[in-house]
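1. structure for the following, please:
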Amino acid sequence: MCNDIEYSESEVSAECVDAVGCLEQQAANKMKEMSANNNAAEVMKGVDAVIFTGGEDISPSLLATPQPWHGIEAERDYNATRDVNDFTLMAYCLKNDVSILGFCRGMQMLGVISGATVIQDIPTFFAERGEEYNYIHRNEKSSPDAYRDYSPHDVSVVPGSILYGMVGGDIKNVPSWHHQSLLSVDGTPLKMSGYTIVNDMKMIEAIERTDKTLAIGLQFHPEAAMVKHIACSANKDSYMTMVEAKKLINSFVSSVKARKAANN
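-> Have a look, this model is predicted:
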């Protein structure tokens with residue numbers, strides 16, 4: 001039983017991790033109770049913004065209403081240590097209004113910590129609704145050992161949102177690679193700032209905290225588009241242009257610099 005969240009050789013102790021690799025429920029409850037009461041301030045001195053990157057699925061024990069894991073062995077991908085680290089750091093950033101930009105998992109963590117509901121597996125979600133899903137968020141593997149690349153799709157950006165101010169309109173061919181997503185931000189301090197229509201449903205592609213100066217999340221990967229173009233990948237033109245991707249990142253950086261200048 002996990003009585004406290006302790007580390008062993010830079011990893012959360014085994015007592016705090018369940019059989020499938022998720023953060024054990026008692027440990028997850030402790031994380032939520034601790035909120036921003038942690039030592040993040042010690043490493044955040046002089047840091048004006050934090051970018052939370054993509055990666056593993058977030059332990060469903062951290063959801064506002066905890067859930068068991070989705071049970072799909074092929075999608076069993078958790079990192080309890082990273083969950084603790086990201087949750088702790090993001091809680092500090094939100095408490096102290098430090099600027100945040102989250103990509104993919106980073107957006108989902110912003111949703112989870114803010115109380116949003118989560119779809120643990122998008123194909124399963126639509127199958128249970130009796131609807132087809134064409135895997136626009138991550139290419140379906142043609143075989144178990146096949147290479148799975150980013151899937152391009154468009155994002156509608158909500159006018160008046162921070163994201164709209166950053167990019168000036170909708171975004172074409174964003175690189176996408178995820179099988180989970182936020183379902184709803186209703187009743188949270190979040191608002192949806194970007195979406196994609198799937199089966200007449202607005203699937204959340206971007207969010208922002210309405211009670212913070214600059215805390216936004218993107219379900220897609222503009223940084224991956226930049227890598228595609230820098231590396232001159234054969235399929236680079238399938239994704240958002242280098243200009244569009246750099247504009248998004250540079251707009252965030254410019255906003256952070258403007259905040260700092262205004263506070264000095």
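
2. and the lengthiest helix in the chain, what's its mean pLDDT?
-> Secondary structure assigned by DSSP state H gives helix 242-263 as the longest helix of the chain. Summarised as a single mean, pLDDT over helix 242-263 is 96.

3. where does this protein dip in pLDDT?
-> 1, 3, 35-38, 142-143 (pLDDT under 70).

4. helices of that one, residue ranges please.
-> Under DSSP H, the chain gives helices at 25-34, 80-95, 105-114, 122-128, 162-167, 222-230, 242-263.

5. now stretch 221-230: how far from the chain's centre is it?
-> Relative to its parent chain, stretch 221-230 has a centroid offset of 17 Å by CA atoms, centre = their mean, to the nearest Å.

6. buried sites along it?
-> His221, Pro222, Glu223, Ala224, Ala225, Met226, Lys228, His229 (16 or more other CB atoms under 10 Å). All C-beta atoms are positioned from the backbone trio N, CA, C, and that covers glycine.

7. do the same with stretch 194-210
-> So stretch 194-210, judged by 16+ other CB under 10 Å, has buried residues Gly194, Tyr195, Thr196, Val198, Met203, Ile204, Glu205, Ala206, Ile207, Glu208, Arg209.

8. closest to Pro123 out of those residues?
-> Nearest to Pro123 among the buried residues of stretch 194-210, counting by CB to CB, is Val198 at 11.3 Å.

9. these two touch, right, the closest one and Arg129?
-> No - using CB atoms under 8 Å, Val198 makes no contact with Arg129, being 10.8 Å away.

10. ok so, going back, narrow the buried residues of stretch 194-210 to those in strands?
-> Counting by DSSP state E, these place Gly194, Tyr195, Thr196, Val198, Met203, Ile204, Glu205, Ala206, Ile207, Glu208, Arg209 in strands.

11. out of those, give me the two with the largest separation.
-> Val198 and Arg209 (24.6 Å).

12. returning to what we had before: please work out which of the helices of the chain is packed deepest.
-> Among the helices of the chain, ranked by average contacts under mean count of other CB atoms under 10 Å, first place goes to helix 105-114 (a mean of 25).

13. can you list contacts of that one?
-> 51-58, 62-64, 86-87, 90-91, 94, 100, 102, 118, 178, 180-182, 185, 188-190, 204, 206-207, 209, 215-219 (CB atoms under 8 Å, 6 or more residues apart in numbering).
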